[in-house]
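next comes the sequence, and after it the predicted model I'd like to discuss.
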4 protein chains.
Amino acid sequence: MQHEDPITCPVVLSVRAEDGPGIVAHLANAIVAAGGNIVNLGQHSDVTTQSFAARIEIAPGVDSDELVRRLDRVDRVLPIEYEVYTPRRARLVVACSSELHVLADILARVETGELNADVTTIISDRLDAVPIAERHGIPFVHVPANIDRAEEGRQFIAAVSATADPVVVLARYMRILPDFVADRYFGQMINIHHSFLPDFIGAKPYESAFHRGVKMVGATAHYVTPDLDEGPIIVQDVTAVSHADSVADLARRGRDIERTVLSRALRLHLEHRVMVIGTRTCVFD
Amino acid sequence: MQHEDPITCPVVLSVRAEDGPGIVAHLANAIVAAGGNIVNLGQHSDVTTQSFAARIEIAPGVDSDELVRRLDRVDRVLPIEYEVYTPRRARLVVACSSELHVLADILARVETGELNADVTTIISDRLDAVPIAERHGIPFVHVPANIDRAEEGRQFIAAVSATADPVVVLARYMRILPDFVADRYFGQMINIHHSFLPDFIGAKPYESAFHRGVKMVGATAHYVTPDLDEGPIIVQDVTAVSHADSVADLARRGRDIERTVLSRALRLHLEHRVMVIGTRTCVFD
Amino acid sequence: MQHEDPITCPVVLSVRAEDGPGIVAHLANAIVAAGGNIVNLGQHSDVTTQSFAARIEIAPGVDSDELVRRLDRVDRVLPIEYEVYTPRRARLVVACSSELHVLADILARVETGELNADVTTIISDRLDAVPIAERHGIPFVHVPANIDRAEEGRQFIAAVSATADPVVVLARYMRILPDFVADRYFGQMINIHHSFLPDFIGAKPYESAFHRGVKMVGATAHYVTPDLDEGPIIVQDVTAVSHADSVADLARRGRDIERTVLSRALRLHLEHRVMVIGTRTCVFD
Amino acid sequence: MQHEDPITCPVVLSVRAEDGPGIVAHLANAIVAAGGNIVNLGQHSDVTTQSFAARIEIAPGVDSDELVRRLDRVDRVLPIEYEVYTPRRARLVVACSSELHVLADILARVETGELNADVTTIISDRLDAVPIAERHGIPFVHVPANIDRAEEGRQFIAAVSATADPVVVLARYMRILPDFVADRYFGQMINIHHSFLPDFIGAKPYESAFHRGVKMVGATAHYVTPDLDEGPIIVQDVTAVSHADSVADLARRGRDIERTVLSRALRLHLEHRVMVIGTRTCVFD
């Protein structure tokens, strides 16, 4: 397995700004001045919103403090939002209900070292995940569904808050959280929806897909916003199905897509490859 | 190119019935009695509708008249709808508007012999397709958009009616036909919709896809029914897109999918591989 | 999760024979005589080898003993090889080396009930899998690589033999087994090869793929035969890669395909959906 | 259709260099000095070859002459190979044999304006393409196969040379050209091979794919080099096939991939999105 090595890993600079002439030159000059060498540069100018986004990998050895000083100087001339990021092990809080395949997949990837992260807490409105949580030695928090919705949201936040700087994964979590939860973790909470959104919004997409007679089913990983199933999309994929597939067959074929889509989205998020611009995302993969 | 040879081509028997025990045995015995040998058998029992569908390829040499007599005898015991079909060259009526790539693709496939069909008429609400119709020596019928909708429907039918036993292809035809046209050609009229239905129903799917920030765009070939974009789906496919793609880029990537999806659906239809069951299709490919 | 229920699950009849007229009729009549109703029938006549293969799902309630008597009677007229099969929980022996993602994926699917099977033994030439075996409470057998090759084969067989009627999975097992092992488990041992075979046969496919500059990488699940990487293919799939991907990136993208391809092949095998005909397989999915 | 408009189209700067610190800064500063604004920047540092490649789209309005002066100044400090390119209509010479679907597809895309190019000459060792050439009013040159191979190469070059600055497309051209032809048009001659290379090199890939029993067939567009089917790959894609597909079915399914792969490669090439680095390509899409 590839274990990320902080010494050989590149430093990642991500930048957002209003688009305008000369931004790349300013950034590139700042990097040179800090002794850095650009290994990889992804850039996007969004014409609809006049916004600029870039993700720049800089070879290890760059003087990070000097880089920050230089970027602050750029910011005075040309307002930019930036982040200098060195890979580190992430902390995941995973919420699930009765379908556990996405949770099990995340744990398998943690176990083999593929995902540079630990699962610190498992949250659920049900008890199905208790055995799997115990086997992996992970704290389990039960947030019951039959309580006041605001209270449910507060208990959810309390469970997440035990983890510093968490990434929250809704891994087939079938509860709709109050808006204040979605708002609090905006950009840090990823949901996997079991359809190719905006197709089949809501609770029973495989049933709907069956009745519509579609020839492919899909899955969508997106950031959670107060608008259900409307958040910025990170990854989507589909797989072929046929008339011979029952609803249960669609669900089975879909599970492979759900797993893969969620884990790709998670990796992209953890490597700071995703930037939200309005209702859309830039993904530098 | 593979030119279908009526002497070496299998005879195709397609059957629909209410599901019940012994149908396959009855059919297989009838085929044996007519001196036929089954080359390929696709069968589906639809549990939702309790309906049975089968497509059976029988080696050439079967006594077709005897087969029909035997199947009629089966029908008295166990009501079946059946069709015995020998491949023949189809006659296509293609309707289009200003986007001509699907039309051009169909014509290219006719030209190379890939599609066992002729285009007998091109119908359009616009004049963009006139040069391409002339180059291929195909009659062009202008059905203008600025007339009474019922009259438009009647002119459309008149243009189609010049062809005996036509298959009608709506190849990015941007008009919504009156219900009586859809009803008249039900099961014989195929539309290509430029989205992965039911996503982005309606007129501007690539714009909608862009604003929603989806990561794939698709196309859907379906039989036309009075309910816009709701007809039984024959083929769907998608292709990956990214944040860097403009609406025009989505349309460009989508065109390759539209072409391929439509021509696959057309081949399946012409080879009697598609059976409509309620709002869904069985596709024996 | 869908747990297979022996009472509601269909009985599966799989048949292989030399192709000839009337086979389907004979089989269908035998099923009717045993009080069975065909739910699903997949059939293939292979013109190259003149062989017939079919997989028939019969609704529960069929008299299995009578079915066998009737099929034996068919066999006297028209020699057939057949098997009547009722779903049951399978026993998997998984062999692996240092890459554990396929093993971890199988265990996750067993844990969530997606795979109707238990892993009874983990075999490895290395010790990397010991912790994961312990966590899941599965016996681990070390078959070291630095011994005589025939002895290695015998130890491998001894480890497998502790399981009755096993299905053997080579889950990125990097040893080449002696021919007598492959022969012994022919049709019961599945390998996942980390390339789109016959591309990049051998030990380092991702390196080779990188140097050739391919734009997709893939994986192949196949039955193991004495000819390395030449066995009948069950499932293949690919994923897009780009010039920006290093060898490690190709391996990472490939892992998702390996997992999915292997688990699809395993399900198909366990549900008796795969039949080997010469160097090829029929897959009735 | 999108007709490229020279006034609103971006200027494209493509750069290749030995990798080293500060290249991006030098380029970005040169663009700023020429009054340019970067719209889109794709960059790749190839660690194996220590080479740098970039494709930069600059908003229209940049002073191209000043840009060239500035880049020449950069070149003195830090040796770079660069090209400043404004979109223009390309001239295609298409060679084919008896399979005409790729040729027909190119012509359909020229006809609808999708491909910003004209086909100036059709070359063939056979006469099958004569009617299609006549219908589209394109000069046809017959280079017979039964002559001395060097002479065949010279006649091929003579036919191509009638076009200034041609892009040569081998659209299922079944002749192997002498090395001096491949060398002469290196980087300007694209072949479509009807397999997922390096699988099934050579003349009959669909037959080989059938006998190997693969579950997908593919196609590969690559630059032509003297080493048959070994040139740098531009685009690859695959499509699923099954045991039920004959060799003719594989060829039919493959044709859709061949067409799409070739036209994607052609577009990428014409928009200067492909750079060859050794045996591999960078594709900035």
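Sure thing, it's come through. Numbering: from 1, shown residues only, chains lettered A, B, ... in the order given.

okay, CA-based contacts and neighbour counts for the rest of this
Fine.

what about A:Asp249, how many neighbours?
Counted with other C-alpha atoms under 10 Å in any protein chain shown, residues neighbouring A:Asp249 total 16.

same for the host helix or strand of it, what does it pack against?
Assigned by DSSP states H and E, A:Asp249 belongs to helix A:247-270. Applying 3 or more C-alpha pairs under 8 Å, 6 or more residues apart in numbering or on different chains; DSSP states H and E, one finds that helix A:247-270 contacts helix A:101-111, strand A:189-193, helix A:205-212, strand A:216-223, strand A:233-240.

chain B: which of the ones you listed is closest?
Chain B sits nearest to strand A:233-240 of all these, at 5.8 Å, using C-alpha to the nearest C-alpha.

touching chain B at all, that closest one?
Yes: residues of strand A:233-240 contacting chain B under C-alpha under 8 Å from any C-alpha of the partner chain: A:233-237.

and which of the residues you listed is nearest C:Leu78?
Comparing the residues of strand A:233-240 next to chain B against C:Leu78 with C-alpha to C-alpha places A:Asp237 closest, at 47.1 Å.

give the bridge partners for that closest one, please.
When bridges are called by DSSP bridges, A:Asp237 pairs up with A:Ala219.

thinking again about what came up before, mean pLDDT lowest for which of the helices and strands packed on helix A:247-270?
When the helices and strands packed on helix A:247-270 are compared on average pLDDT, helix A:205-212 comes out lowest at a mean of 93.

which other helices and strands contact that one?
Counting contacts by 3+ C-alpha pairs under 8 Å, 6+ apart, helix A:205-212 is packed against helix A:247-270.

now the helix it packs on against strand A:189-193, angle please.
Interaxial angle of helix A:247-270 relative to strand A:189-193 (axes from the mean of the first three to the mean of the last three C-alpha atoms, to 10 degrees): 160 degrees.

tell me which helix or strand comes right after helix A:247-270.
Per DSSP H and E, the first helix or strand lying C-terminal to helix A:247-270 is strand A:274-277.

with just CA atoms, put that next one into PDB.
Coordinates of each C-alpha in strand A:274-277 appear next as PDB, following Å, rounded to 0.1, in the frame of the first residue of the first chain:
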ATOM      1  CA  VAL A 274     -12.200  19.500  -4.700                       C
ATOM      2  CA  MET A 275     -13.300  23.200  -4.700                       C
ATOM      3  CA  VAL A 276     -16.800  24.300  -4.400                       C
ATOM      4  CA  ILE A 277     -17.900  27.200  -6.700                       C
END
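
where does A:Gln155 fall, phi/psi-wise?
phi -70, psi -40 (degrees, to the nearest 10).

what's around it, how many residues?
17.

hang on, it packs against A:Val141?
No: counting by C-alpha atoms under 8 Å, A:Val141 is not a contact partner of A:Gln155; they are 9.2 Å apart.

hang on, the earlier thing: list the buried residues for the helix holding A:Asp249?
By 16 or more other C-alpha atoms under 10 Å in any protein chain shown, the buried positions in helix A:247-270 come out as A:247, A:249-270.

and stretch A:273-285, by the same measure?
Residues A:273-277, A:280-284 are the ones in stretch A:273-285 that count as buried (16+ other C-alpha under 10 Å).

so which of those residues sits lowest on pLDDT?
Lowest pLDDT among these: A:Ile277, with 91.

could you report the distance from that one to chain D?
With distances taken as C-alpha to the nearest C-alpha, to the nearest Å, A:Ile277 is found 16 Å from chain D.

go on, A:Ala221?
Going from A:Ala221 to chain D by C-alpha to the nearest C-alpha gives 23 Å.

confirm A:Val12 sits in a helix?
No: A:Val12: not assigned to a helix; according to DSSP: H, G, I helix; E, B strand; the rest coil it is strand.

can you count the residues close to it?
A:Val12: 24 neighbours (other C-alpha under 10 Å).

over to the one 3 residues further on?
Neighbourhood size, A:Val15 [other C-alpha under 10 Å]: 20.

contact partners for A:Ile201?
Going by C-alpha atoms under 8 Å, 6 or more residues apart in numbering or on different chains, A:Ile201 touches A:195, A:229.

can you tell me how far it sits from A:Gly231?
Separation of A:Ile201 from A:Gly231 (C-alpha to C-alpha, to the nearest Å): 12 Å.

near chain C, which residues of the stretch 1-150 of chain A are found?
So the stretch 1-150 of chain A meets chain C at A:1-2, A:99-101, A:104-105, A:108-109, A:111-112, A:132, A:135-136 (C-alpha under 8 Å from any C-alpha).

for chain A, what lies in contact range of chain D?
Counting by C-alpha under 8 Å from any C-alpha, the residues of chain A near chain D are A:20-22, A:24-25, A:27-29, A:32, A:36-45.

which one is A:Leu115 nearest to, not counting chain neighbours?
Once flanking residues are discounted, A:Leu115 sits nearest to A:Arg109: 5.4 Å by C-alpha to C-alpha, 6 or more residues apart in numbering or on different chains.

I figured that neighbour was touching C:Leu100, is that so?
No: using C-alpha under 8 Å, A:Arg109 is not in contact with C:Leu100, being 9.5 Å away.

more crowded one of those two?
Ranked by neighbour count (other C-alpha under 10 Å), A:Arg109 and C:Leu100 place C:Leu100 first, with 23 against 20.

how about the contacts made by that one?
A:112, C:129, C:171-172.

most neighbours among these, which one?
When neighbours are taken as other C-alpha under 10 Å, the top entry among the contacts of C:Leu100 is C:Ala171 (28 neighbours).

and that residue, how far from C:Thr281?
20 Å.

poorly predicted segments of chain A, please.
Along chain A, the parts satisfying pLDDT under 70 run over A:1-8.

one more pass at 50, please.
Counting by pLDDT under 50, the ranges of chain A that qualify are A:1-6.

how far away is the residue of chain A most remote from its centre from B:Ser45?
Largest separation from the mean C-alpha position in chain A: A:Ala244, at 34.0 Å (C-alpha atoms, centre = their mean). A:Ala244 sits 8 Å away from B:Ser45, going by C-alpha to C-alpha.

cool, A:His193 as well?
Per C-alpha to C-alpha, A:His193 is found 30 Å from B:Ser45.

more crowded one of these two?
Here A:His193 and B:Ser45 are compared on neighbour count by other C-alpha under 10 Å; more neighbours surround A:His193, at 27 against 23.

list the contacts for the more buried one?
The contact partners of A:His193, by C-alpha under 8 Å, 6+ apart, come to A:172, A:219-222, A:229, A:258.
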